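S.K.: The following comprises the amino acid sequence and a computationally predicted model.
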Amino acid sequence: VHLPYRRTISSDSPNTLNIETSVPSSVTALMCRMEIAAVVILIWLLFIQIIVWVWRSGEQQRAGRLSSMAIMFLERWLEGETVTG
């Protein structure tokens, strides 16, 4: 995870600038988890768009299979989040 406020410049020079903010690791972990959740939700919304498009094209069976796959994926991801969190 790229943090904008952590900066280290030139470890060789005597006047080394080493700025680290006092952000606890739990906050950065939470930010990382929120970013991952946002990406997963965006992918899921895209998947829903694909399901709607397939449904409208007249392939209801395939759309049903896709939607059940999407729900299974989301359930597994949420279970993994509750286990790790």
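M.R.: On my side now, so go ahead. Computed from a predicted model, the values in this text were never measured in an experiment.
S.K.: mind listing the helices for this structure?
M.R.: Using DSSP state H, the helices of the chain run over residues 25-56, 60-84.
S.K.: Take these and lay them out in TSV including mean pLDDT and mean neighbour count.
M.R.: C-betas here are computed from N, CA, C, even on glycine. What follows is these, written out as TSV (pLDDT from 0 to 100; neighbours: other Cβ atoms under 10 Å):
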stretch	mean pLDDT	mean neighbour count
helix 25-56	84	12
helix 60-84	78	12
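S.K.: what's the nearest residue to residue 62 once chain neighbours are set aside in contact with, if anything?
M.R.: The shortest distance from residue 62 to any residue other than its chain neighbours is 5.6 Å, reached at residue 54 (Cβ to Cβ, 6 or more residues apart in numbering). Residue 54 sits next to 62, 63, 66 when contact means Cβ atoms under 8 Å, 6 or more residues apart in numbering.
S.K.: which one of the residues you listed sits closest to residue 42?
M.R.: residue 66 (17.0 Å; Cβ to Cβ).
S.K.: closest to residue 37 among the contacts of residue 54?
M.R.: Residue 37 has its nearest neighbour among the contacts of residue 54 in residue 66, at 21.7 Å by Cβ to Cβ.
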